[in-house]
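Visitor: Coordinates only, no sequence provided:
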């Protein structure tokens, strides 16, 4: 199998559904511009039965979704900030309203569409599949950001750790840079003065945002939303696995949890090719091989693909 040459490590947002992965992906592609499904693959004989994987892009941002049973429930601890920038599109506000109306079908508003101190037009909504979106009219005078930015909310025992986490991720990822940081001031209880109201940072050409929230949300990070890191080499896999993994019992099939409970998938980029370009027999051999692994072994996966 000939490998495609990649410029660098890439990161995708991974969503876990019971049975609705393809349906949800088709919905998001109908809601957002520049969105399309890029692949659909079935994994046979997994612990969840036959699992369907769907890869797609939302406004150019890469997503992966899987239908693999009712094991994890989506919550707002990780959401997607969607930037509508009037400097790039004069109809940005109208676009925002249109997207809001589509996501409102069966969805629940967490913060109503309105004017806020940080944006003249903003709303936070959980859609009918459980994914949450923060739609924001961006200040065109600020430094441009991509349309989609995954955002982490540090709650419960993690509250107050957003800045620490940001510095940790910046130290782990090889292509990384900090963005802005804004902290809570006095009189903003229950949030503590000096905690992070908002920060953003770039990891492997992907922008992320983070914040602390001391309110009683009742949710924390879980496996329903994870970040999938595509690696070209075993050395990259080893580096990210050893740097991020902090919960040994959570290690399985390339999945890990870091010190903040955030789930990551450290995956060889060749695996996607094996599972999409291979024959049914090759895909089944590779699936059975990786189901036995914790950290992925790229050479062993290659041997399984080749039937050796």
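Guide: Okay, I see it. The shown structure was predicted, so the numbers you read here are calculated from the model rather than taken from an experiment.
Visitor: low pLDDT regions in the stretch 1-150 of the chain?
Guide: By pLDDT under 70, the weakly predicted segments of the stretch 1-150 of the chain are 1-9, 142.
Visitor: All the helices of it, residue numbers only.
Guide: Using DSSP state H, counting those that start in this stretch, the helices of the stretch 1-150 of the chain run over 21-31, 92-104.
Visitor: Could I get the full set of strands for the stretch 1-150 of the chain?
Guide: Taking DSSP state E, counting those that start in this stretch, the strands of the stretch 1-150 of the chain run over residues 10-17, 36-46, 49-58, 61-67, 78-84, 108-116, 119-126, 132-137, 148-154.
Visitor: Run me through the strand neighbours of the third one, direction for each.
Guide: According to DSSP bridges, the neighbouring strands of strand 49-58, each with its direction, are strand 36-46 (antiparallel), strand 61-67 (antiparallel).
Visitor: With distance to residue 281 and mean neighbour count added, can I get those in a markdown table?
Guide: Bear in mind the C-beta positions are built from the backbone N, C-alpha and C, glycine included. Output for the strands paired with strand 49-58, formatted as a markdown table (distance: least, CB to CB, whole Å; neighbours: other CB atoms under 10 Å):
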| stretch | distance to residue 281 | mean neighbour count |
| --- | --- | --- |
| strand 36-46 | 11 | 15 |
| strand 61-67 | 22 | 22 |
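Visitor: Select, out of those, the one closest to residue 16.
Guide: Residue 16 lies closest to strand 61-67 among those, at 5.8 Å (CB to CB).
Visitor: which residues touch the closest one?
Guide: The contact list for strand 61-67, computed with CB atoms under 8 Å, 6 or more residues apart in numbering, reads 10-22, 24-25, 28, 51-57, 80, 146-148, 228.
Visitor: Tell me which residues touch residue 52, please.
Guide: 21, 22, 40, 41, 42, 43, 66, 67.
Visitor: Just give me the closest of those to residue 107.
Guide: Closest approach to residue 107 among the contacts of residue 52 (CB to CB): residue 21, at 17.9 Å.
Visitor: residues touching the closest one, list them.
Guide: 15, 52, 53, 54, 65, 66, 67.
Visitor: switch the cut-off to 10 Å
Guide: By CB atoms under 10 Å, 6 or more residues apart in numbering, the contact set of residue 21 is 15, 40, 51-54, 56, 64-68, 129.
Visitor: of those residues, closest to residue 269?
Guide: Closest approach to residue 269 among these (CB to CB): residue 64, at 12.5 Å.
Visitor: quick one: the strands in the stretch 201-308 of the chain?
Guide: Going by DSSP E, counting those that start in this stretch, the stretch 201-308 of the chain shows strands at 206-212, 225-231, 255-257, 263-268.
Visitor: Reformat those strands as a markdown table; add mean pLDDT, distance to residue 90 and mean neighbour count.
Guide: Putting the strands of the stretch 201-308 of the chain into a markdown table (pLDDT from 0 to 100; distance: least, CB to CB, whole Å; neighbours: other CB atoms under 10 Å) gives the following:
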| stretch | mean pLDDT | distance to residue 90 | mean neighbour count |
| --- | --- | --- | --- |
| strand 206-212 | 97 | 23 | 22 |
| strand 225-231 | 97 | 33 | 23 |
| strand 255-257 | 97 | 43 | 21 |
| strand 263-268 | 97 | 39 | 23 |
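Visitor: Which one of the strands of the stretch 1-150 of the chain lies nearest to residue 263?
Guide: Once the strands of the stretch 1-150 of the chain are compared by CB to CB, strand 10-17 is nearest, at 8.3 Å.
Visitor: how big is the angle separating that closest one from strand 78-84?
Guide: 120 degrees (axes from the mean of the first three to the mean of the last three CA atoms, to 10 degrees).
Visitor: could we number from 14 for the rest of this?
Guide: From this message on, residue numbering opens at 14, which makes the last subject strand 23-30.
Visitor: Can you work out which other helices and strands pack against strand 23-30?
Guide: Under the contact criterion of 3 or more CB pairs under 10 Å, 6 or more residues apart in numbering; DSSP states H and E, strand 23-30 touches helix 34-44, strand 62-71, strand 74-80, strand 91-97, strand 161-167, strand 219-225, strand 238-244, strand 276-281.
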